[in-house]
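Student: can you look at this prediction? I've put the sequence above it.
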Amino acid sequence: MMEVIVDQSVSDQAFNSPDWSQNNEYERKCHVCSAPSNGYHFNAPSCSACAAFFRRTVTLNRQFECSHDNNCRINYAMRVICRACRYRKCIQAGMDRRAVQPRRDSIMGRRKIKYNTVVKQSPASSWQCVDSGNQTQYSNVTPANGDKNYVFVEPSNVEVTPFVTGRSDSLSSSSSTAGSVIFEGSQSTTSYIIVEQGTNNNCYLQTSSPTTYDCHPKQFSPGRYNSNVSPPYWQSESILQNLIAEECKTNERRKILYCDRYLDDLLSESDSEIPYTLDDLRPLKFMEIKNDIRSMILVMFEWLRSWSYFHQLNTAEKKTLFRRCVLYHAILDPAYCTLKIGYPERFIMSNGMFLSMTEDSNIGWEDEKEISSEIKAMIYKPLVKRVVAEIINPMKEMDLKYEEFCALKTLVSWKSAVRHMSSPVKDVLNSEINALFASLNQFYVKQGFDDNVIAERIGCLVLLMSNIFSVGMECLENHHKMEFFDLWQLDSLLIKLLKMQK
C-alpha cells in the first residue's frame, strides 16, 4: 500500500476552490451513460457497468454494428443500450484499450512459459501433464529476457508423460488437440497449454482456458473413442458379451433375493436367461411388492454401476441415468420374464410374483388391506394390457433372442438419457450406442443372418424402443396420479426416482 502525504494548507485551498468543486462534480458522473461514477476506469471517469462492458469488449475483441444511425442515446436508465454506440462513446470519453489487461486464468494467467529443456516429442503429438498425487509447484518463476509475457519455469518440478489414446480415467472436459497438453494440478480448473517450438531448443508454452468448458464437478474423458485408435473393446462382440455377463449377474442376484430354493440350486451356475422357474412364481401381493421395491431398485443400480464410465459422471448425470434405468427396466424385465414363462396367462414381475391375464382368474387382483381391487384394476390393468400388446407381442413375433434383449435394455437406457447429458457425455453415450449396434450386427452375422434379415431385426428393435418410451410415459402418469390422489402409499425412493427431472 502506498501512503500519500499532502500539504494541509495547499489541500484546504484546493478543496475550497470553485474549479475543484466543478471538476469533482464532473468526475463523479460517468462520461458514457451519466450514471454515478466511482472513479477512473481505463483513464476515463466511468461507472462500474461501463468499465465492465469496455473490458469485455476489448478482451474478447468484439465488433458491434449499430442498427440505426450511430447516434443512439446512451443512458444508465435505459433497459436496452446500443452496444456499438456505447463502445464508441467509451472511446470518446477517453477510455484507452491499452489500459485493459489481458484475460487471465486462475493459475498462471495468459502468459507464456519458457522451458530450458528440449521436449523430445513431435510438436504435432498430444501430451498430458499428470500430477503424480503431490501438489505440483512452480519454482524460480521469473520474467525471461525482460519480457513480461513470458515466465521461466524450472522444469524439475513438472512431470510430463505422453498422452495415451485409449481408455483413460482422466477427467478432462474435452479431448486435447494436436500440439497441446492438458495440465491437471491441484486446482479444480483445467488449463490448456499450447506448445510452440522456439529457437535455441527452447519450448514455449502458452496457457489458456478451454473455449468450451462444461462447469460440472467432474469432467468426462471419452478417450477410447479416439478416431485414430481401435481398442480391443471395439474389435469384437465384447460390448454385447459384457452386457450378457452383467445380465447373468442380475439374474443371480434375483435368484438369491426372491427364490425359495435349496442353497445348491441358488449357487449353481446356470445359463438360464431368466432367474425363475414356474415353481418359483407366487401370486402378487401389493404389500410384498412395496417391501421388495428397494431391493428391486438396488438390482437395477448394480446393473447401471457396472458401466465402466459411470463413476466419472457427476451427480446430476448419475441421477438422470438412474431414473431412466428404474423406469424402463421396470417395464422390460417383467416383459421378458412374461414372454419366456408367463405368456399368455400370467404377467410376471421382476421379483417373481405374477398377475393373472385371463378373464376367468382374479389372481393378483384381489382386495388387499392397502389397496382395493377396483384401484388395482383402474391403475394397473390398462398398463399391463398395453405392455402385452405393444411390447411382449412384438417380442414374440420377432422371436426376440436373449442377446437382443440385453442390447435393448442398454439402448433404451442410454437413448432416453442422452439428451439430458453434458456434451462430453453425450458423445460417449452416442458412441456406446453406435458400438452396440455394430456389435449386434456382428452377432447377427455369426448367426448366419443375411443383410435383409439383419436390417429387419435391427429395425424391429428400434421401433420397439419407441413403444417402450410411450409405455414408460403412461407408467409415470399413473404413479403420479396415485401419489397425487393418495390411492396407494408408494415407496419414498420410488417417488423420487419417478420425478423425471434432470
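Tutor: Happy to help now that I have it. Numbers count the residues shown, from 1 in each chain.

Student: mind checking which helix or strand Ser466 is in?
Tutor: helix 451-485 (DSSP states H and E).

Student: which helices and strands does that helix pack with?
Tutor: Helix 451-485 sits against helix 315-337, helix 373-387, helix 393-397, helix 402-417, helix 423-446, helix 492-497, with contacts defined as 3 or more C-beta pairs under 8 Å, 6 or more residues apart in numbering; DSSP states H and E. The way it works is simple: take the backbone N, C-alpha and C, and place the C-beta from them, glycine included.

Student: mind redoing it with 7 Å?
Tutor: helix 315-337, helix 373-387, helix 393-397, helix 402-417, helix 423-446 (3 or more C-beta pairs under 7 Å, 6 or more residues apart in numbering; DSSP states H and E).

Student: how about it: buried residues?
Tutor: Applying a neighbour-count criterion of 16 or more other C-beta atoms under 10 Å, one finds 454, 457-458, 460-461, 464-465, 467-469, 471-472, 475, 478-479, 482-483 buried in helix 451-485.

Student: re earlier: would you list the helices and strands packed on helix 451-485 in TSV and tack on mean pLDDT?
Tutor: As requested, the helices and strands packed on helix 451-485 are arranged in TSV below (pLDDT from 0 to 100):
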stretch	mean pLDDT
helix 315-337	96
helix 373-387	93
helix 393-397	97
helix 402-417	97
helix 423-446	94
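
Student: ok, the nearest residue to Cys66 once chain neighbours are set aside to Thr57 distance?
Tutor: The spatially closest residue to Cys66, leaving aside those adjacent along the chain, is Ala84, at 4.0 Å (C-beta to C-beta, 6 or more residues apart in numbering). Using C-beta to C-beta, to the nearest Å, Ala84 is found at 10 Å from Thr57.

Student: out of these two, which sits in the more crowded spot?
Tutor: More neighbours surround Thr57 than the other of Ala84 and Thr57, with 19 against 16 (other C-beta atoms under 10 Å).

Student: now do the more buried one against Glu370, distance only.
Tutor: Distance, Thr57 to Glu370, by C-beta to C-beta: 65 Å.

Student: and Gly448, how many neighbours?
Tutor: Gly448 has 7 nearby residues by other C-beta under 10 Å.

Student: from Ile239, how far off is it?
Tutor: 21 Å.

Student: likewise Phe310?
Tutor: From Phe310 to Ile239 the distance is 15 Å (C-beta to C-beta).

Student: so which of these two has more stuff around it?
Tutor: Neighbour count, other C-beta under 10 Å: between Phe310 and Ile239, Ile239 has more, with 20 against 14.

Student: that one contacts Ala435, doesn't it?
Tutor: Yes - here Ile239 reaches Ala435: they are 5.4 Å apart, a contact under C-beta atoms under 7 Å.

Student: re earlier: please report phi then psi for the residue nearest to Cys66.
Tutor: Here is the backbone geometry of Ala84 (degrees, to the nearest 10): phi -60, psi -50.

Student: surely it and Phe64 touch.
Tutor: Yes - taking C-beta under 7 Å as the definition, Ala84 is a contact partner of Phe64 at 3.7 Å.

Student: circling back to that earlier point, columns mean neighbour count on top of the helices and strands packed on helix 451-485, output as JSON lines?
Tutor: Formatted as JSON lines, the helices and strands packed on helix 451-485 follow (neighbours: other C-beta atoms under 10 Å):
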{"stretch": "helix 315-337", "mean neighbour count": "22"}
{"stretch": "helix 373-387", "mean neighbour count": "15"}
{"stretch": "helix 393-397", "mean neighbour count": "15"}
{"stretch": "helix 402-417", "mean neighbour count": "22"}
{"stretch": "helix 423-446", "mean neighbour count": "17"}
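
Student: which one of these lies nearest to Glu273?
Tutor: helix 402-417 (4.4 Å; C-beta to C-beta).
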